[in-house]
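*Asks:* Everything below, folded, please.
(chains A and B)
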Amino acid sequence: DQQVKQNSPSLSVQEGRISILNCDYTNSMFDYFLWYKKYPAEGPTFLISISSIKDKNEDGRFTVFLNKSAKHLSLHIVPSQPGDSAVYFCAALTQGGSEKLVFGKGTKLTVNP
Amino acid sequence: EAGVTQSPTHLIKTRGQQATLRCSPISGHTSVYWYQQALGLGLQFLLWYDEGEERNRGNFPPRFSGRQFPNYSSELNVNALELEDSALYLCASRWPGQTSYEQYFGPGTRLTVT
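*Replies:* The predicted model follows:
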């Protein structure tokens, strides 16, 4: 039973355009969400997070949107750069709980020059 | 500041053997987490250690175990290895006092069971 789902295994965009990565979750107890980026042969790197008390968080070119009623979040990258090409993981947890991050399977983003 | 380090980078074992993986957290971080990333799957939570104690474990059999040392480094032990244990094992650390929940990951140990 997958509690965090990233339904698009891959996404390809042109340099300079917007990249939108989507994530859905089923567990209504999740109240904190994170995005990680992973290059081959490296560990995941934290990108941005959002608490369920917010619906948007922005950090430079990265913005995460949270729609609690739809149990959906998205990561927007604007403008996309070739160096953004990586696998992006969505993760969720319940604050004050087990601190266990529940990850999606990832979306491989390719940004073409 | 040094990041999370893991050793070895690669490990090849035979079915039935035992594997030991090591992790050193970022200085000042007392919590260590272990995750397994098998082929085609996302990261699956294995274990959480804090202040030397096991705080939580994921849905893995008891042959997956570990410990945390007084210097907060950690070991993951996998006994009676099975072919499906072949995966990337990632360690992460966090300082419990931080207000955000991000965990900082090491580069991983690639375990291959033949």
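*Asks:* Next, residue A:83: phi, psi?
*Replies:* phi -70, psi -10 (degrees, to the nearest 10).
*Asks:* Next: residue A:82.
*Replies:* phi -50, psi -30.
*Asks:* Just give me the neighbour total for it.
*Replies:* 10 (other CB atoms under 10 Å in any protein chain shown). The C-beta positions use only the backbone N, C-alpha and C, and glycine is treated the same way.
*Asks:* ok, now the one 5 residues further on?
*Replies:* Applying the criterion other CB under 10 Å, we find 19 residues in the vicinity of residue A:87.
*Asks:* and residue B:50, what does it touch?
*Replies:* Counting by CB atoms under 8 Å, 6 or more residues apart in numbering or on different chains, residue B:50 touches B:30-32, B:68, B:96.
*Asks:* Check residue A:100 too.
*Replies:* A:93, B:45, B:48, B:56, B:58.
*Asks:* Spatially nearest residue to the residue sitting nearest the centre point of chain B, not counting backbone neighbours?
*Replies:* Nearest residue to the geometric centre of chain B (CA atoms, centre = their mean): residue B:34, 3.1 Å. Nearest non-adjacent residue to residue B:34, counting by CB to CB, 6 or more residues apart in numbering or on different chains: residue B:46, 4.1 Å away.
*Asks:* Residues of chain B that sit close to chain A?
*Replies:* Chain B comes close to chain A at residues B:4, B:31, B:33, B:35, B:40-45, B:48, B:55-56, B:58, B:90, B:92, B:94, B:100-108, as judged by CB under 8 Å from any CB of the partner chain.
*Asks:* Check for me that residue B:84 belongs to a helix.
*Replies:* Yes: according to DSSP: H, G, I helix; E, B strand; the rest coil, residue B:84 belongs to a helix.
*Asks:* how much space is there between it and residue A:51?
*Replies:* Separation of residue B:84 from residue A:51 (CB to CB, to the nearest Å): 36 Å.
*Asks:* now the helices for chain B?
*Replies:* Taking DSSP state H as the criterion, chain B contains no helices.
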